[in-house]
Structures are given as structure tokens and as C-alpha cells.
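> Next one to model:
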Amino acid sequence: MVYDYYDLYLKAEDLQGKTVNVKVSGVKIEPHYNKKLKQDDPCIVLSFEGKYRKLILNRGQADDITRALDEADEKKWIGAELSLSPVKSYGGNLTTIKVWSKTLGNAAGLFGLGTPAATRPAAKNVPVEVGQ
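Just a heads-up that it's a prediction; the model follows:
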């Protein structure tokens, strides 16, 4: 089966308003075009068991997942159980994907949407926003 480029990558709309539980099966560094830099930028891309769509992370989101899983080596994220949820971004203009560490639990309401990662205390159960 041949997929269109954009069919290969997960978007919030693909979740159809539901939370989906996934298990990380692969982590790669891939170049993806950065509109702000107007050039290819290396991004961490997660793949999941039993799913053909992958999730592209930006650097801030990857940093948040690092804190949520308490693991800096992204190759060790393989096997992590995550929950993906579509949510409205801060300001409500964009639907984004929030990633929760299923293994470590949720911290719903502990930190508000849009809280800069640099101002969050390091914690193992911090919700992570993942949007494109």
C-alpha cells in the first residue's frame, strides 16, 4: 500500500476527538521542513506498535517527554506506553495532541496548557503537548 506523505504523520484530527493509547515501537531522527527557519530541521519521530502513522515532535515537545519519562536518551523511549489526546491549544485557535505517559500516570490540571516548558518543574508525570 502506498501512502501520501501527509498520511504518514499523525495530526490531531486523526484522533477523532478520542484519547488513543499507544506503545512506542521506534524512534528516529528525520529531517523535516521548518517554516520559521525555511530549511530542513532534524526532528524526533515516534512510531507506534500496530499503527502506520508516526508522530513528529519539535524540540520543546521532546524535552517535555524527556522530563515526563525521566529519560534523556530518546532511544530508550521504545516500549513507553503513551496516551494521545486531541486538545485545543492555549488560546483555542489550534487543535493539538497532548501526550501523557501512561506508565507514570497523568497530572491532569497540574499544569495549564501553554505553560512554557522552561518554567515547569521537572516531574515524571507532567502532561506533554504535541502539536504540528
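
> Helix or strand: which one has the nearest residue to Pro42 once chain neighbours are set aside?
Take Pro42 and drop its neighbours on the chain: the residue closest to it by CB to CB, 6 or more residues apart in numbering is Ile29, 5.1 Å away. Heads up, the C-betas are built off the backbone N, CA and C, glycines and all. Using DSSP states H and E, Ile29 sits within strand 20-34.

> if we can go back for a sec, how many neighbouring residues does the residue nearest to Pro42 have?
Ile29 has 9 neighbours, counted by other CB atoms under 10 Å.

> which stretches of the protein form helices?
According to DSSP state H, the chain carries its helices in the segments 59-69.

> Might you list the low-confidence residue ranges for it?
Filtered on pLDDT under 70, the chain yields the residue ranges 1-6, 60, 64, 102-132.

> how does it look with 50?
For the chain, applying pLDDT under 50 flags the ranges 1, 106-132.

> how about the strands in it?
20-34, 39-48, 55-57, 81-88, 95-101, 128-130 (DSSP state E).

> and these as TSV, adding distance to Glu74?
Output for the strands of the chain, formatted as TSV (distance: least, CB to CB, whole Å):
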stretch	distance to Glu74
strand 20-34	5
strand 39-48	6
strand 55-57	9
strand 81-88	13
strand 95-101	13
strand 128-130	13
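
> Figure out which of those strands is closest to Leu10.
Distance to Leu10, taken as CB to CB, is lowest for strand 55-57 among the strands of the chain, at 4.8 Å.

> Find the nearest non-adjacent residue to Thr19, please.
Ser85 (4.4 Å).

> Identify the residues contacting that neighbour.
By CB atoms under 8 Å, 6 or more residues apart in numbering, the residues touching Ser85 are 15, 19-20, 97-98, 100.

> circling back: any idea what the residue nearest to Pro42 is bridged to?
Assessed by DSSP bridges, Ile29 has beta-bridge partners Ile44.

> And it, how close does it get to Cys43?
Noted for Ile29: a distance of 7 Å to Cys43, by CB to CB, to the nearest Å.

> Same check on Lys75?
Distance from Lys75 to Cys43, by CB to CB: 15 Å.
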